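1. Have a look at this prediction, sequence included:
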Amino acid sequence: MDVSTIVPIFIALIAILIVGILIFTIIKAIVKWQHNNTQPVLSVPSRVVTKRTRVRGHAPPDRVSHTSTYYYCTFEDDRGQRHEFRISGREYGQLAEGDSGTLTYQGTRYRGFQRQVR
């Protein structure tokens, strides 16, 4: 085999791999979405245990930078079970570690936290 035969085969294999990964990712997201829809909506007494952020992005030297910040909060229910959810920046700013209240969620989907007034 010469190079003119190997290169198109290699490019085709890479394309098939990329399409396969894309299809797998889409199917995985659909399965997770359907699973969450079949779960009951639970509201449980909880407290805020910890908060964290994750910043993603880059700043090339000669271009405009683009970053995204993701906000997470970990809640602990009255049985000691912990649940971490991605939340909005607004809610992140309003919650403090140690806050108590009612956590509402459905599967892995965060539905809200109603803080208990002290």
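-> Thanks, I have the structure now. Numbering: from 1, shown residues only.
2. Please, where are all the helices along the chain?
-> 3-38, 89-94 (DSSP state H).
3. what's the closest of the ones you listed to Ser100?
-> helix 89-94 (14.1 Å; CB to CB). C-betas here are computed from N, CA, C, even on glycine.
4. Buried residues in that closest one, which are they?
-> Tyr92 (16 or more other CB atoms under 10 Å).
5. Determine the set of other helices and strands touching it.
-> Applying 3 or more CB pairs under 8 Å, 6 or more residues apart in numbering; DSSP states H and E, one finds that helix 89-94 makes contact with strand 66-77.
6. What pairs with the strand it packs on, parallel or antiparallel?
-> Next to strand 66-77 in the sheet, as set by DSSP bridges, lie strand 41-58 (antiparallel), strand 82-87 (antiparallel).
7. re earlier: out of the helices of the chain, which is the most enclosed?
-> With neighbours taken as mean count of other CB atoms under 10 Å, the helices of the chain reach their highest mean count in helix 89-94, at a mean of 12.
8. Just the residues contacting it, thanks.
-> Lys51, Thr53, Thr69, Tyr71, Cys73, Phe113, Arg115 (CB atoms under 8 Å, 6 or more residues apart in numbering).
9. what's the answer for stretch 95-107, then?
-> Here stretch 95-107 has contacts from 35-51, 73, 75, 77, 83, 85, 87, 111-116, using CB under 8 Å, 6+ apart.
10. Report the buried members of those residues.
-> Of those, these count as buried by 16+ other CB under 10 Å: Ser46, Arg47, Val48, Lys51, Cys73, Phe75, His83, Phe85, Ile87, Phe113.
11. Skip the chain neighbours and tell me the closest residue to Gln106.
-> Take Gln106 and drop its neighbours on the chain: the residue closest to it by CB to CB, 6 or more residues apart in numbering is Val41, 4.7 Å away.
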